[in-house]
Structures are given as structure tokens and as C-alpha cells.
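Enquirer: Structure, please.
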Amino acid sequence: MQAMEGEVLLPALYEEEEEEEEEEEEVEEEEDQVQKGGSVGSLSVGKHRGLSLTETELEELRAQVLQLVTELEETRELAGQHEDDSLELQGLLEDERLASAQQAEVFTKQIQQLQGELRSLREEISLLEREKESELKAMEQELHLARTEIHTLRQAAEDSATEHDSDLASLQEDLCRLQNELDDMERIRGEYELEITSLRAEMEMKNSDPSSLSDFSEMQEELQQLRERYHFLNEEYRTLQESNSSLTGQLADLESERTRRATEKWLDSQTLKNMLSAESQTSEMDFLEPDSETHLLRQQLQGAEEQMHDMRNQCKQLCCELQELQHHRQASEEEQKRLQRELKCAQNEVLRFQTSHHATQPSPAPNAPIFSLPLVGLVVILALLWCWWAETSS
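Expert: Numbering: from 1, shown residues only. I've put the predicted structure just below:
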């Protein structure tokens, strides 16, 4: 475009130069005429000076015009460059506008998608909260039942322990009393042995006397009655011992059932705790940015885990108490066996005393302790059976 403008200006300048040359030629012709006329010399000199001044001005004007043309071309080049830059900038702005419009559309779609996900997450959180509330209510009910059962078991254990202690105290008293009676019987037996030796000496002296034979037959009959009574008491003792063994078996079954129930409850609590811990871990992985509601739910879960831990400790304490009761039962069984051995020894002593007593002529005074010892043994057996019945009922 600048080249075209330059081409238009140059012909115009050439035309002006041609016109000026024509004017100069006309001026020269006029000067020739003036010189020919001779009358107008001064006028021709003035015109020549004016023409010389116009030529210098024309040269200056030509130089200025050329300079202006070069400046115009430079300005046109700069304008073309600026126009190209502006076109390029317009293209970039158009591209940026299209990119920003596309980004805005993508952002709106992402915002809508995030809003949908947020709604679904809120619905899932509300559903999880309802499930956790129902689970917590069920856990609270189970904990309440477990606490009541633990309280009842502890109360029963305390009652059985007190009854067992009282029974042991009574058995100790009975044992001391029996020991005293055995000491008395030993003393009486010694006296009877002395009396027997004396009676034997008298019997050897009175072998020929028929009255001694009748006394001996009476003593044999009395000894037979005592043996029958001892056999009856021994049979009754066996039946009581069998009932005692059956009651002991029932007690062992009851204790095994209690331990089994306690173990099952502890296992249920352990599985429930594992489920709660697994759910808490999954909830932590699902929700990386928890809000206040999820934080409250986690606190409730932690409280439930602590309650389960307390329940497990209580179950352990209950198991320890059951073990202590088993130890008490074993100790009482050993005590029962020891008392049975002592009772058997006492019965043997009584039987031996009866045989040694009835081998001679007895005196009526010491018959009272002889007939009271089987009754004492029966009382001891009944006391032992009552003790075991109390333990089984508890």
C-alpha cells in the first residue's frame, strides 16, 4: 500500500518539475524579447531574480517532499506492522475467549457433578448415621443385659462364698467336737481295755460258771444288733454319698454351662468389637474430609468400643470369680474327703470299741457315747450334703 502511494506521488512531482521548466523557458523567451526591445531592461532583471529564488525554494521543497515521502513510507511500514500485530492479538484474544468459554462449560459440568456427588454423600452419611444409631441402641441394650447378668452372677457368687464360709466354719466346729468326742472315746477305750483285761481274768476264773455263758450269749446278741445297725447306717451313708456325687456332677455341669455362656458372651463381644473397628476403618477410608457429624459419630463409636472393652474386662473378672469358686469347690471336696476319712476312722474306732466292749460284760454307764457316735456321723454327713446342695443351688 505504501509503495502504491509512493508511485502516485512521484509522477506528480515530475509533472510539477516539467511545468516549472516550461515556465523557465517562457521566462527566457520574455527576457530575449526584453533585450530586443531595450526599453524594459530593468524589468527583465527583476524577473530573473524572482525566478532564481523560486528554483532554490523548489529544490528545498523537493528535498522536504522526499523526506516526507520517506517518513510516510516508514510510518506506513510501522502502521502495517501494528496492524499485523493487532490482527494477531485479535486472533489470540478470540482463541482465549473460546478457551475460557470451554473451560467455563467444563467447570459448570464439574460443579454440577460435584453437587450430585455431595448430595449422594449426604444421603449415605444420613443412612450410616441411622444404622449406627440402631447398632448403638442394640449395643446399649446388650451392655445393660450383660451388666445385670454380671451383677446377678457376682451377687450369687458372693452369697455362695458367704454360705460356703459359714458351712466351713460349722464343719470345723463339728470336726472339733468330733475330735473331742474321739479323744473321750480313746480315754474310755483305754479304761475299757483295762476293764476288759480285768474281766478276762475274771472270766478265766469263772469259765466253769453257767451264768457267764448266759451273759456271753446276751453279749453276742447285742453285738449282732449293733452290727445290723452299723450295716444299716453304712448303707444309708452309701446312698447319701451317691446323692452327693450326683449333686457334685450337677454342680460341675452348671459351672461348665456358666463358663461356656461367659465364653460365648466374651466371643460375641470380641466379634462385635472387630466389626465396629472394621466399620470405623472403612468409614475413615471413605470420608477423607469428615465434618462435625462424622466426627460425632466416630466419638460415639469410640465410646462404644470403650464400653465393649469394659464389658470384656468384666467378663474376665467374672471368669476369675468362677475360677475362684471352682477352687473353693475343690477345697470343699478335699475337706469333704478328709471329713469322710475321719468319719470312717471314727466309725472304725467305734466298731472296734463296740467289739472290744461287747467281748466282755459291759457296764450300763458308758453306753451313751457308744450309741451317740453313729448319730454324730450321720449329722456330719447331712451337714456335708446340705453344704453341697447350697453350692449347687447357688
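
Enquirer: CA only for contacts and neighbour counts going forward, please
Expert: Noted.

Enquirer: Run through the neighbouring helices and strands of whichever strand or helix holds residue 99.
Expert: Here residue 99 is covered by helix 41-205, with elements defined by DSSP states H and E. Applying 3 or more Cα pairs under 8 Å, 6 or more residues apart in numbering; DSSP states H and E, we find helix 41-205 packed against helix 2-37, helix 292-358, helix 367-393.

Enquirer: which of those has the lowest average pLDDT?
Expert: Confidence, taken as mean pLDDT, is least for helix 2-37 of these (a mean of 55).

Enquirer: and residue 235, how many neighbours?
Expert: Using other Cα atoms under 10 Å, residue 235 has 12 neighbouring residues.

Enquirer: same check, this time on residue 343
Expert: 21.

Enquirer: quick one: it and residue 337, what's the gap?
Expert: Taking Cα to Cα, to the nearest Å as the measure, residue 343 falls 10 Å from residue 337.

Enquirer: just residue 345 next, same as before
Expert: In terms of Cα to Cα, residue 345 sits 12 Å off from residue 337.

Enquirer: picking that back up, average pLDDT for the helix holding residue 99?
Expert: Mean predicted lDDT for helix 41-205 stands at 80.

Enquirer: Kindly report the same for stretch 257-272.
Expert: Stretch 257-272 carries an average pLDDT of 68.

Enquirer: Going forward, count from 7.
Expert: That works, and once the first residue is 7, the last one we named lands at stretch 263-278.

Enquirer: Using the record's assignment, carve the protein into domains.
Expert: 7-40+50-84, 146-204+224-399 (automatic domain parsing).

Enquirer: Just give me the neighbour total for residue 148.
Expert: Neighbour tally, residue 148, other Cα under 10 Å: 13.

Enquirer: no no, residue 245
Expert: Counted with other Cα under 10 Å, residue 245 comes out at 12.

Enquirer: Over to residue 73?
Expert: Neighbour tally, residue 73, other Cα under 10 Å: 12.

Enquirer: Report the contact partners of it.
Expert: Applying Cα atoms under 8 Å, 6 or more residues apart in numbering to residue 73 gives no contacts.

Enquirer: gap between it and residue 305?
Expert: 90 Å.

Enquirer: Repeat that for residue 169.
Expert: 45 Å.

Enquirer: cool, and residue 83?
Expert: 77 Å.

Enquirer: out of those two, which sits in the busier spot?
Expert: Between residue 83 and residue 305, counted using other Cα under 10 Å, residue 83 has the larger neighbour count: 15 against 12.

Enquirer: Could you list the buried residues of stretch 70-85?
Expert: 72, 75, 79, 82 (16 or more other Cα atoms under 10 Å).
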